[in-house]
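Trainee: I'll drop the sequence and a predicted model, then ask my questions.
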Amino acid sequence: MDLKSNHSAPVLTDSAPRSKSRLRGFRGLMLPYSPSGAPFSPNPLRSIPRRKTGGRDDVRSCGWLDAMKSSSPTHKKFAKDINHELSSPDPEVAYRTWLLNYPSALASFEQIANFAKGKRIALFLDYDGTLSPIVENPDNAFMSDDMRSIVKEVAKYFPTAIISGRSRDKVYEFVGLTELYYAGSHGMDIMCPVKQSVSDHDQNCIKSTDKQGNEVNLFQPAREFLPMIDKVYSSLVRITEDIKGATVENNKFCVSVHYRNVDQDNWKSVGERVQDVIKKYPSLRLTQGRKVLEIRPAINWDKGKALEFLLKSLDLSNCDDVLPIYVGDDRTDEDAFKVLRERNCGYGIFVSKSPKESKAYYSLRDPAEVMEFLKSLVTWKKSNAL
């Protein structure tokens, strides 16, 4: 893909950063949402008195259950908590209030575009919950034909990458577009061009070819963990096979245990069994997402690091010349939002239908709004090219 010929026209610039006082205004409204990638503690409620159940320490399982519930609030719990804060019977009121801190990227698009000062957009997208809806069976998380069409169109005008917790091969199977760059396993498996310099990470790069036969670099900083990940995957499949609805997904450099379809009374068992497996592997860590527990190598790497690596490998690191936009819906995307906020040269857009604290600047409700935002980018780019 010829980046220079497609991405030279002026694009959006960064708006003025949101003030700290404004950001503090509505923190009491937020649902529990811990920083992305934080280790999933087996005992987050340390103040609970210790008690024994059947000869086992029950504090651990209670802690797991609390953390799993807080990371996956039900609509009923959301309505109860947020309405208590606002003394309002309407959750929509809470959402509109939340938008004061995280305005809609669609409603703000014209305002954002008015700040255009000759920068190039680089687009980074999560997959599940961003390009495709969250579904009961992760294997059925297909993006629509309309979404695929607009992502393909976007990639004609802006360098575009998918950064997903899925394996790189799996997310490519879902998306099916050769025009994009793909980073799987939370950025631990990145496909990028060979021609750009990535000397700081050369020891973790191997030469390969993409679907079109072009030579590419595969950056895999956790390659040595592959045998261990395979063992953990096999153990988790075996140990959870009797829990109805539990599914284990091998994402190459990480393992995901989905409990979306597990009866809530059995969530505690899921957490206990995952902990029983991972405690045998001190070089792995356990984090949580939306009704999923994820086991991955305990290395200093996440979606934020992957974002920085891709910007560098695509010669897009210059904040004076490039505007990165990252769109995602999960706590693992917070690492990327944090990078853009700290660099003060890009936008994080958080996809959520309910108020949650985030390091993003803007928000969108769901994949349908993501698609409209991508369409707006294409329309804007075309109009500025005339």
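Mentor: Sure thing, it's come through. Residues are numbered from 1 along each chain as shown.
Trainee: would you list the phi and psi of the residue nearest to S283 when sequence neighbours are not counted?
Mentor: Nearest residue to S283, sequence neighbours excluded (C-beta to C-beta, 6 or more residues apart in numbering): A298, at 5.6 Å. Where you see a C-beta, it was placed from the backbone N, CA and C, and this is true even at glycine. Backbone geometry at A298, expressed as degrees, to the nearest 10, gives phi -80, psi 70.
Trainee: N217 too?
Mentor: Backbone torsions for N217, taken as degrees, to the nearest 10, come to phi -100, psi 140.
Trainee: ok, the nearest residue in space to it that is not next to it in sequence - contacts?
Mentor: Nearest non-adjacent residue to N217, counting by C-beta to C-beta, 6+ apart: C205, 4.6 Å away. By C-beta atoms under 8 Å, 6 or more residues apart in numbering, the contact list for C205 reads 198, 217-220.
Trainee: distance check, C205 against V237.
Mentor: Separation of C205 from V237 (C-beta to C-beta, to the nearest Å) stands at 31 Å.
Trainee: for the residue nearest to N217, give its distance to D302.
Mentor: 18 Å.
Trainee: where in the stretch 1-150 of the chain is pLDDT low?
Mentor: Scanning the stretch 1-150 of the chain with the threshold set as pLDDT under 70 gives 1-67, 69-89, 114-117.
Trainee: tally of neighbours for E334?
Mentor: The local packing of E334 (other C-beta atoms under 10 Å) involves 27 other residues.
Trainee: quick check, it in contact with K356.
Mentor: No. Look at E334 against K356 with C-beta atoms under 8 Å: they stay out of range, at 9.9 Å.
Trainee: what about P227, which SS state?
Mentor: Assigned with DSSP: H, G, I helix; E, B strand; the rest coil, P227 falls in the helix class.
Trainee: tell me how many other residues surround it.
Mentor: By other C-beta under 10 Å, the residues close to P227 number 8.
Trainee: with D145 instead?
Mentor: 8.
Trainee: by neighbours, which of the contacts of C205 wins?
Mentor: Among the contacts of C205, the one with the most neighbours (other C-beta under 10 Å) is F219, at 24 neighbours.
Trainee: quick check: closest non-adjacent residue to K252.
Mentor: Per C-beta to C-beta, 6+ apart, closest to K252 is S167, 4.2 Å.
Trainee: how many neighbours does the one you found have?
Mentor: The number of residues packed near S167 is 21, by other C-beta under 10 Å.
Trainee: against E92, how distant is it?
Mentor: S167 sits 37 Å away from E92, going by C-beta to C-beta.
Trainee: using PDB, write out every CA atom in the helix or strand encompassing G271.
Mentor: Assessed by DSSP states H and E, G271 sits inside helix 267-278. In PDB, the C-alpha atoms belonging to helix 267-278 read as follows (Å, rounded to 0.1, in the frame of the first residue of the first chain):
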ATOM      1  CA  TRP A 267     -19.000 -17.200  37.700                       C
ATOM      2  CA  LYS A 268     -17.300 -17.800  41.000                       C
ATOM      3  CA  SER A 269     -16.300 -21.300  39.800                       C
ATOM      4  CA  VAL A 270     -14.900 -19.900  36.500                       C
ATOM      5  CA  GLY A 271     -12.800 -17.400  38.400                       C
ATOM      6  CA  GLU A 272     -11.500 -20.000  40.900                       C
ATOM      7  CA  ARG A 273     -10.500 -22.500  38.200                       C
ATOM      8  CA  VAL A 274      -8.800 -19.900  36.000                       C
ATOM      9  CA  GLN A 275      -6.800 -18.800  39.100                       C
ATOM     10  CA  ASP A 276      -5.900 -22.400  39.900                       C
ATOM     11  CA  VAL A 277      -4.300 -22.700  36.500                       C
ATOM     12  CA  ILE A 278      -2.500 -19.400  36.300                       C
END
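Trainee: buried set for it?
Mentor: In terms of neighbour count (16 or more other C-beta atoms under 10 Å), helix 267-278 has its buried residues at 267-275, 277-278.
Trainee: flag the shaky bits of the stretch 251-386 of the chain, pLDDT-wise.
Mentor: 386.
Trainee: which parts of it are strands?
Mentor: Applying DSSP state E, counting those that start in this stretch to the stretch 251-386 of the chain gives strands spanning 255-258, 284-289, 292-297, 322-328, 347-351, 362-364.
Trainee: of the ones you listed, which is nearest R120?
Mentor: Minimum separation from R120 across these (C-beta to C-beta) falls at strand 322-328, 5.2 Å.
Trainee: now for that closest one, which elements pack on it?
Mentor: strand 120-125, helix 303-313, helix 334-343, strand 347-351 (3 or more C-beta pairs under 8 Å, 6 or more residues apart in numbering; DSSP states H and E).
Trainee: chain center to it, what's the gap?
Mentor: Strand 322-328 sits 12 Å away from the centroid of its parent chain (C-alpha atoms, centre = their mean, to the nearest Å).
Trainee: do stretch 289-297 as well
Mentor: Centre-to-centre, stretch 289-297 and its host chain are 11 Å apart (C-alpha atoms, centre = their mean).
Trainee: I'm done for today, thanks for sticking with me.
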